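[1] dropping the sequence and predicted coords here.
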Amino acid sequence: MTNLINYLWEGTICLTLLWLFFKVFLERNTFFAWNRAFLLSALIVALVFPALNLTGISGINLGNESFVLQLPTFEFDGSNQLQSTTSLFSLSNLLLGVYFTGMLFTLCRFLIGIVSLIVQTRKAKATYRGKYTLLEHPTFEPSSFFHLIFLPEGALQMQQKVDWIIAHETTHADYRHSLDKLLLQVVKIVFWFYPIHRMYEKALEVLHEYQVDKQMTQSFPLEEYARLLLNLAKPKNPGLLVHNFNQFQIKKRLTMMTQPKSKWMARSMYAFALPLFACLFVLISCEPNEDMPILEAQEDENIVTTEMIMKEGVFDVVEDMPVPSGGMEGWNNYLSANLEYPQAAKDAKKEGTVYVVFTVTKEGNIEQASVLRGVDGNLDQEALRVVKNSPNWIPGQQKGENVNVKMRLPIRFKLN
């Protein structure tokens, strides 16, 4: 639940900051392809960056201790397995249910749109023009979806007018604007609760039309093309996925067609977007590695491999690592049953990760256990106690022989 909340929260931060940057610095530019690329990048960043969990640079450690075999972090909140089972009616489950209900509803709308599109194509009369399929039906308005061009019945008999409409819709297809629609649907499904996706949708739809208008006015007279837009400017209810010829603000498009092009220097604003993306990547995706203790580097950098993995008869790396009694499941069960959250640490609201280093001997005994990095005296002692009293392990092996192996165990104490 916590991971999902963090993902959604960080995604909304990305969407908000990048949208504000677009509105302030880029929206009025006539570099339509660049603006489109920025908005699509913003949507991808919001989906991908929060899902990444990369170790920060501070976590890099070049010392020989980085070769010590480390067990998975064991998280402990002071409750046993029965107590950690949450109620079906808890607040977290309620929020989770609301989120997935909304997500399912939005997904169903998307799937209904796909099915509706398929049904429409089967009802229509198909005509093929190169790589495009022209579909005629009485209920259709001029629109497109990838290589499919939807036209009202009898449109192909309108000669020049329909040629311009077809050219308009095929330009949408050539720019692959339908891919943008699909990406937007994914964002709407994941962030259905955050209405900013509607602003992205409107902005991209307008940019799509700007791109097409620019291409059309290079091939057809501006005045006649503008007159065509005015004649077709009727209020319609377009589908979720198609590009409808009539659904956009005609006045705004006509103004943009006659507006002077942005100066080349205006492109310098896009350079400032790169540091913004980089900052979001560092802040959202690269989290400091709090689980890795800072250790001193090896004084002699020219050591050989055998010295790196073995010191004083104890190996740091072996061919077959030691295995707890009962495997990792048995090890986790042992920790769950024997760890206790010290009351003094609870009262002081102490939490964090304690690192315990110990050696698994040739006989499988636990020896030389010590705290590598502590958090609180009570937590450190509890982690050390449970490790020292643990059952024997299956010893590690190097070249078929049992050897002493150093292990590192992170135990994360977290208040419930």
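    Received, thanks.
[2] got the domain ranges for this protein?
    Residue ranges for the domains of the chain, per automatic domain parsing: 2-283, 312-413.
[3] the shortest one: how far from the chain's middle?
    Domain 312-413 has its C-alpha centroid displaced from the chain centroid by 34 Å (Cα atoms, centre = their mean, to the nearest Å).
[4] reformat the domains of the chain as TSV; add mean pLDDT and mean neighbour count.
    C-beta: built from backbone N, CA, C; applies to glycine. Shown next, in TSV, are the domains of the chain (pLDDT from 0 to 100; neighbours: other Cβ atoms under 10 Å):
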stretch	mean pLDDT	mean neighbour count
domain 2-283	83	15
domain 312-413	90	17
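[5] can you give me the helices in the stretch 101-250 of the chain?
    160-174, 177-190, 196-219, 222-231, 250-258 (DSSP state H, counting those that start in this stretch).
[6] turn these into JSON lines, columns for distance to Phe140.
    Shown next, in JSON lines, are the helices of the stretch 101-250 of the chain (distance: least, Cβ to Cβ, whole Å):
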{"stretch": "helix 160-174", "distance to Phe140": "11"}
{"stretch": "helix 177-190", "distance to Phe140": "17"}
{"stretch": "helix 196-219", "distance to Phe140": "19"}
{"stretch": "helix 222-231", "distance to Phe140": "17"}
{"stretch": "helix 250-258", "distance to Phe140": "20"}
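[7] which stretch among these comes nearest Leu47?
    Taking Cβ to Cβ, helix 177-190 is the member of those nearest to Leu47, at 6.6 Å.
[8] so who does the residue lying closest to Phe105 once chain neighbours are set aside touch?
    Excluding the flanking residues, the one nearest Phe105 by Cβ to Cβ, 6 or more residues apart in numbering is Trp192, at 7.5 Å. By Cβ atoms under 8 Å, 6 or more residues apart in numbering, the contact list for Trp192 reads Gly102, Met103, Phe105, Thr106.
[9] how about 6 Å then?
    Applying Cβ atoms under 6 Å, 6 or more residues apart in numbering, we find Trp192 in contact with Gly102, Met103, Thr106.
[10] and the residue most central in space within the chain, which of the three is it?
    Centrality entry for the chain: nearest residue to the mean C-alpha point is Val48, 2.4 Å, by Cα atoms, centre = their mean. Classification of Val48 by DSSP: H, G, I helix; E, B strand; the rest coil places it in helix.
[11] compute the distance between it and Gly11, please.
    9 Å (Cβ to Cβ, to the nearest Å).
[12] hmm, back to that, of the contacts of Trp192, which is the nearest to Ala383?
    Met103 (39.5 Å).
[13] against Glu209, how distant is the closest one?
    Taken as Cβ to Cβ, the span from Met103 to Glu209 is 30 Å.
[14] next: Phe277.
    Here Phe277 is placed at a distance of 26 Å from Glu209 (Cβ to Cβ).
[15] ditto for Tyr355
    Tyr355 is 58 Å from Glu209, by Cβ to Cβ.
[16] what does Phe25 give?
    Distance of Phe25 to Glu209, given as Cβ to Cβ: 21 Å.
[17] swap in Arg412?
    53 Å.
[18] quick one: distance of stretch 193-207 to the chain centre.
    Distance, centroid of stretch 193-207 to centroid of chain: 19 Å (Cα atoms, centre = their mean).
[19] I'd like to know which elements the strand or helix carrying Leu96 is packed against.
    Element membership of Leu96, judged by DSSP states H and E, is helix 91-123. When contacts are defined as 3 or more Cβ pairs under 6 Å, 6 or more residues apart in numbering; DSSP states H and E, helix 91-123 sits against helix 177-190.
[20] what residues are up against Ala266?
    Asn29.
[21] could you say which helix or strand holds the closest residue in space to Gln70 that isn't next to it in sequence?
    Once flanking residues are discounted, Gln70 sits nearest to Arg408: 4.5 Å by Cβ to Cβ, 6+ apart. Secondary structure from DSSP H and E places Arg408 in strand 401-413.
[22] can I get that strand in CSV, CA atoms only?
    This file holds the C-alpha atoms of strand 401-413, laid out as CSV (Å, rounded to 0.1, in the frame of the first residue of the first chain):
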residue,chain,number,x,y,z
GLU,A,401,35.4,-27.7,1.3
ASN,A,402,33.5,-26.1,4.2
VAL,A,403,34.9,-22.7,5.0
ASN,A,404,34.3,-19.8,7.4
VAL,A,405,32.1,-17.1,5.7
LYS,A,406,31.4,-13.6,6.8
MET,A,407,27.7,-12.5,6.4
ARG,A,408,25.9,-9.2,6.8
LEU,A,409,22.3,-8.9,8.0
PRO,A,410,20.2,-5.7,7.8
ILE,A,411,17.3,-5.6,10.2
ARG,A,412,14.9,-2.7,9.7
PHE,A,413,13.0,-1.8,12.8
